[in-house]
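>>> Fold the stuff below for me.
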Amino acid sequence: MATGAWIWILMGSVNESLGGLLSLAFDESSCRSRFESAKLLKPPNHTPSPYLLEKLRSYEALHQKCGPNTELYRESIRQLTSNRSGGGPTECNYVVWLPQHALGNRMISITSAFLYALLNDKVLLLFFPDCMNGLFCEPFPNTTWLLPSNFPITHVTSIFDKDPNRYGNLLRDKILRNDMNITNASIPLPAYLYLHLVHNNNDYDRMFYCEDAQLLLRQFPCLDTKDAAALSDIIRVKPKAVLVTSLKSEYFERIRDTYYRNATATGEVIGVYQPSHEEKQFTEKLDHNVKALAEIYLLSLRDSLITSQYSTFGYVAQGLGGIRPWLLVRLDDENLCLQSSTMEPCFHFPPSFECKSRRELDLGSVVPYVRHCEDKAGGIKLFY
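Below is the predicted model of the structure:
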C-alpha cells in the first residue's frame, strides 16, 4: 500500500493550554514561551469547540505516527525519491511549507497551511531557513514539525534604558537638577521622564529615591518607569505606554515629540517606545526576525491596537491578542480610522470566480460571513 503523498505549499502575501488548544503533554523545560506567553494574554472571549479540540488531538496523533523519524515517514521518503506516485489511498500525507516574504506573512501562511492540514488529515512540515531557527516552539508532542535537513529535495530553498528622557541621564548631563523649578528652565524639558528602576540602574537613576527628587518629579505631568509597582505608591497615577513598531523611526519620533511638547489633559503617564527600527527589511536574517516576532507579541498584549492598511504584521498581532484593531484607512479628513469588526486577517488577493461555472464572481457578496475587508479593496475576510 502506498504510504506517502506530498503537497508543497509556497504561500505569499486563560490558561496554560488555552482552553485545550495546546497539548498538555509537554513539560515546561521543552519550550519556555509555550507556558509563559499564555499567562501574559488576556483571558479569551471564546472557548474552543469540542469538535476543534477533537481534531487537534487527532492531528497530534497523526503527526506522531507520520512525522519525521518514523518508519512511515521513511517509507514516504523512499517513495518520494523514487519519483513515482504511489497511486490510490495513502496512509500518510504531507504538506510542506516553504517560506516567502517577511515574518508576518510567514506566520499567517503557516497558520493557513496548518488549518489546511488539520481539515484534510495531512501532516504539516515546515522548511525553516537559518533565519527562522529557534523562533517558535514545537507545537506537537513527541515529534517535530520541521522538515529534516537530510530531506532528499535539496533545492528546497535594549529598548527602555536608551530612552532619551531617562531621568538619571538627564541628571548626569545637568539638564535636570533636583532643586530646580521647571517653569524657570532655560531649555525645553521633556513632557515625561523615564525612571529606570531596575537592577542595572546607576547612581543617577537611584537619586529618584531622594526626597528632593520627588519635589522635582511632581512638576512633570508624565513619568514612566521600568518598575511601575515601586513608583505607584508615590505618584498614584496609572502609567500608559505607546508602542510604535515600524521599520522607520520617523513615526516614533513624531509621536514622542508630541508628548514631549504637550502634557496630557488627563495627567496620565505616557511613555513612547520603539523597540527597533531596522530602516530596511532583512527577511533572511535571524536577528531581524527575532526582533519582528518580539514586536508582534508586544503588540498582541496591547489594550488598543492601531494598524496601517494591509499590514500582515498587524494581522498576526491582532489574531494572537484577540483584538479588533483600529485601521488607518482615512475615510475622510475628519475620520482617519475605523475599528475592524473582527480580529480576522484580510485575504488580499482572493480568487474572483465561481469554481463550478468558472464565471467571474464577487466572493465578498456570496455569504454573510465572508465580506470585503475594511482596509483592502477587493480583499475578503471572515465576519461573525
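>>> contacts, neighbours, all on C-alpha from now
Noted.
>>> what sits against the residue most central in space within the chain?
A centroid search over the chain (Cα atoms, centre = their mean) returns I296, at 2.5 Å, as the residue closest to the centre. For I296, the residues meeting the contact criterion (Cα atoms under 8 Å, 6 or more residues apart in numbering) are 313-314, 316-317.
>>> mind putting these in CSV, distance to F35 and pLDDT included?
Conversion of these to CSV gives the following (distance: Cα to Cα, whole Å; pLDDT from 0 to 100):
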residue, distance to F35, pLDDT
F313, 23, 88
G314, 23, 90
V316, 19, 91
A317, 18, 91
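>>> Just the closest of those residues to D375, please.
Within the set of those, G314 lies nearest D375; the separation is 11.9 Å, counting by Cα to Cα.
>>> if I look at that closest one, how far off is V244?
The span separating G314 from V244 equals 12 Å under the rule Cα to Cα, to the nearest Å.
>>> what do you get for L189?
Where V244 is concerned, L189 sits at a distance of 22 Å (Cα to Cα).
>>> neighbour-wise, which of those two wins?
Neighbours were counted for L189 and for V244 using other Cα atoms under 10 Å; V244 has more, 22 against 17.
>>> and that one, how far is that from K285?
Counting by Cα to Cα, the separation of V244 from K285 is 22 Å.
>>> what's the answer for L126, then?
Taking Cα to Cα as the criterion, L126 is separated from K285 by 18 Å.
>>> Also L338?
From L338 to K285 the distance is 35 Å (Cα to Cα).
>>> May I have the phi/psi pair for the nearest residue to Y116 once chain neighbours are set aside?
Nearest-residue entry for Y116: K122, 8.0 Å, with adjacent residues in sequence omitted and distances by Cα to Cα, 6 or more residues apart in numbering. Here is the backbone geometry of K122 (degrees, to the nearest 10): phi -110, psi 160.
>>> Quick check, K122 in contact with E91.
No - assessed by Cα atoms under 8 Å, K122 is found out of contact with E91, at 9.6 Å.
>>> quick one: secondary structure of L124?
Applying DSSP: H, G, I helix; E, B strand; the rest coil to L124 yields a three-state assignment of strand.
>>> Could you measure from the residue nearest to it when sequence neighbours are not counted over to H101?
Setting aside the residues directly before and after it, L124 is nearest to V95 in space (Cα to Cα, 6+ apart), at 4.7 Å. Summarising the geometry, the distance separating V95 from H101, computed by Cα to Cα, is 19 Å.
>>> what's the answer for K55, then?
Relative to H101, K55 is positioned 30 Å away (Cα to Cα).
>>> residue boundaries of the helices in the protein?
For the chain, the helices defined by DSSP state H cover 32-40, 50-66, 71-81, 103-119, 167-172, 211-217, 228-235, 250-261, 286-300, 312-321.
>>> How far does the second one sit from its chain's centre?
What separates the centre of helix 50-66 from the centre of its chain is 25 Å, taken as Cα atoms, centre = their mean, to the nearest Å.
>>> what's it in contact with?
Under Cα under 8 Å, 6+ apart, the answer for helix 50-66 is 20-21, 23, 70, 72-73, 92, 118, 121, 123-124, 140-143.
>>> Just the buried residues of these.
Buried members of the contacts of helix 50-66, scored by 16 or more other Cα atoms under 10 Å, are 20-21, 23, 72-73, 92, 118, 121, 123-124, 140-141, 143.
>>> coming back round to it: which among the helices of the chain is found nearest to E360?
When the helices of the chain are ranked by distance to E360, counting by Cα to Cα, first place goes to helix 103-119 at 24.6 Å.
>>> Now do the residue lying farthest from the centre of the chain, the pLDDT please.
Distance from the C-alpha centroid of the chain peaks at N184, with 44.4 Å (Cα atoms, centre = their mean). According to the per-residue confidence, N184 scores 75 in pLDDT.
>>> Ok, the one 4 residues further on next?
Per-residue confidence for P188 comes out at a pLDDT of 78.
>>> Please shift the residue numbers so they start at 152 in all later answers.
Sure thing, new numbering starts at 152, so read that last one as P339.
>>> can you give me phi and psi for it?
Dihedral angles of P339 (phi, psi; degrees, to the nearest 10) stand at phi -60, psi 140.
>>> same question, V518
Summarising the backbone geometry of V518 under the convention degrees, to the nearest 10, its torsions are phi -130, psi 150.
>>> Tell me, how many residues neighbour it?
A count of neighbours around V518, defined by other Cα under 10 Å, yields 8.
>>> That one: what's it in contact with?
Under the criterion of Cα under 8 Å, 6+ apart, V518 has no contact partners.
>>> how near is it to K527?
V518 is 19 Å from K527, where distance means Cα to Cα.
>>> With distance to C361 added, can I get the contacts of I447 in TSV?
Conversion of these to TSV gives the following (distance: Cα to Cα, whole Å):
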residue	distance to C361
F464	43
G465	42
V467	44
A468	41
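>>> I'd like those residues laid out as a markdown table, including distance to T493 and neighbour count.
Putting the contacts of I447 into a markdown table (distance: Cα to Cα, whole Å; neighbours: other Cα atoms under 10 Å) gives the following:
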| residue | distance to T493 | neighbour count |
| --- | --- | --- |
| F464 | 16 | 24 |
| G465 | 13 | 23 |
| V467 | 13 | 26 |
| A468 | 13 | 26 |
